[in-house]
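In: curious how this folds, go ahead:
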Amino acid sequence: MAGIDLNSPILYKCASYRFFEKKEHHIARICPDNVLLMVYEGVLRFSEDGEQIQVSAGEYYIQRKNVYQAGEVASDTPKYLYVHFDGEWSDQSNALPCRGNFDYSKLSELMLKINTASHQKFLYTEQQYLFHKLLLSLHQKAPSSTLAEKLSKYVEENIVAITSVSDLCQAFHYSTNYIERLFHREFGVSPIQYINDVKIKKAMYLLETTSKPITAISVECGYFDYPYFYKRFVQKTGVSPSEWRKIIQRNPTNRD
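Out: Now for the predicted structure:
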């Protein structure tokens, strides 16, 4: 599931600020509610059904209800607002992603109001209104382009390790459908096409700037099956790796 369905009813339950002591761990629990976490200082660490999650200052994360959460690793004295609520999960593109960034300087006043409203027992309607206002602020700020940039950087920095879309899903905690739609919207290609393009472009660069054996370059670019690398390279450039190296070394202006 990609995030919270904003077209379905969302019921606010409670909210509060939470400050961790040094070396404090997240509680072990199965929570019956979804929980929005908005960290504005430090780093919060926990796991969900064994999957490690880290939320840094300036990031929000929505914990899913009815999953086992634990704090095997100590957090770095995080300060954050948490909000318990009930809502449906969806992988539709207009859902609020389960994690993203937020501008604390712009949302700090609203976060304080939500905390105050909860502790001073404001009318439930007002508490619900403030929470919905916060969700809409996060949705309007949903950083698709920022996430795309992070994904692109991650692919470039982990080119050998990445072999499938699931590697990206695991690293960024989004569904396959959401990652697929994001790549098509931001880059105009599927995640696999994008990953292969990055790998081939790196191979082209290494063929031009080094004298490394082509098989070694293949491995360095994450292709451990040379015939598959050869096929991908020809699809991208129209020539074999060795032919491309000869062409580019004779005439560097032929770079793609």
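
In: next one, pLDDT for the spatially closest residue to Ile53 that is not a sequence neighbour please.
Out: In this structure, Ile53 finds its nearest non-sequential neighbour in Phe46, 5.6 Å apart by CB to CB, 6 or more residues apart in numbering. C-beta: built from backbone N, CA, C; applies to glycine. You'll see Phe46 listed with a pLDDT of 96.

In: list of residues touching stretch 123-136?
Out: 4, 6, 10-12, 15, 36, 83, 85, 96, 107, 110-111, 113-114, 117-118 (CB atoms under 8 Å, 6 or more residues apart in numbering).

In: please report phi then psi for Phe85.
Out: phi -160, psi 170 (degrees, to the nearest 10).

In: one step back: the residue nearest to Ile53: what secondary structure?
Out: Following DSSP: H, G, I helix; E, B strand; the rest coil, the label given to Phe46 is strand.

In: next one: it from Leu37, what distance?
Out: Counting by CB to CB, to the nearest Å, the gap from Phe46 to Leu37 is 9 Å.

In: same check, this time on Gln69
Out: Distance from Gln69 to Leu37, by CB to CB: 11 Å.

In: next, show the common contact partners of the two.
Out: Gln63.

In: so these two - more neighbours on which side?
Out: Leu37 (21 against 18; other CB atoms under 10 Å).

In: within the sheet, what are the partner strands of the host helix or strand of that one, with directions?
Out: Per DSSP states H and E: Leu37 is located in strand 34-48. Counting by DSSP bridges, the strands paired with strand 34-48 are strand 51-56 (antiparallel), strand 59-63 (antiparallel), strand 68-70 (antiparallel), strand 76-86 (antiparallel).

In: closest one to Ser240 among those?
Out: Taking CB to CB, strand 51-56 is the member of these nearest to Ser240, at 42.0 Å.

In: give me the mean pLDDT for that closest one.
Out: 90.

In: only the buried residues of it, if you could.
Out: Ile53, Val55 (16 or more other CB atoms under 10 Å).

In: hmm, who's touching it?
Out: Outside strand 51-56, the residues that reach it (CB under 8 Å, 6+ apart) are 37, 39, 42-47, 61, 72-73, 78, 80, 99, 170, 173.

In: let's go with 6 Å and repeat that
Out: Leu37, Val39, Val43, Leu44, Arg45, Phe46, Tyr61 (CB atoms under 6 Å, 6 or more residues apart in numbering).

In: domain ranges for this structure?
Out: What automatic domain parsing lists as the domains of the chain is 3-142, 143-256.

In: what about Lys106, distance to Leu138?
Out: Applying CB to CB to Lys106 and Leu138 gives a distance of 11 Å.

In: out of these two, which sits in the busier spot?
Out: The neighbour comparison of Lys106 against Leu138 (other CB under 10 Å) goes to Leu138, with 22 against 10.

In: that one: which element?
Out: helix 124-140.

In: for Ser90, name its beta-bridge partners.
Out: Per DSSP bridges, residues listed as beta-bridge partners of Ser90: Gly3.

In: go ahead and confirm Cys12 touches Val83.
Out: One correction, residue 12 is Tyr, not Cys. No: contact criterion CB atoms under 6 Å: Tyr12 and Val83 do not qualify, at 7.0 Å.

In: in ChimeraX, select just the buried ones from the contacts of stretch 123-136.
Out: For anyone working in ChimeraX, the buried entries among the contacts of stretch 123-136, judged by 16+ other CB under 10 Å, can be selected with:
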select :4,6,10,12,15,36,83,85,96,107,111,113,114,117,118
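
In: in strands, which of the contacts of stretch 123-136 fall?
Out: Ile4, Leu11, Tyr12, Ala15, Leu36, Val83, Phe85, Leu96 (DSSP state E).

In: check the gap between the fifth one and Arg185 for me.
Out: Applying CB to CB, the value for Leu36 to Arg185 is 25 Å.

In: how far away is the residue nearest to Asp167 when sequence neighbours are not counted from Ser175?
Out: Of all residues not flanking Asp167 in the chain, Ala161 sits nearest, at 6.9 Å (CB to CB, 6+ apart). Look at Ala161 and Ser175: by CB to CB, they are 21 Å apart.
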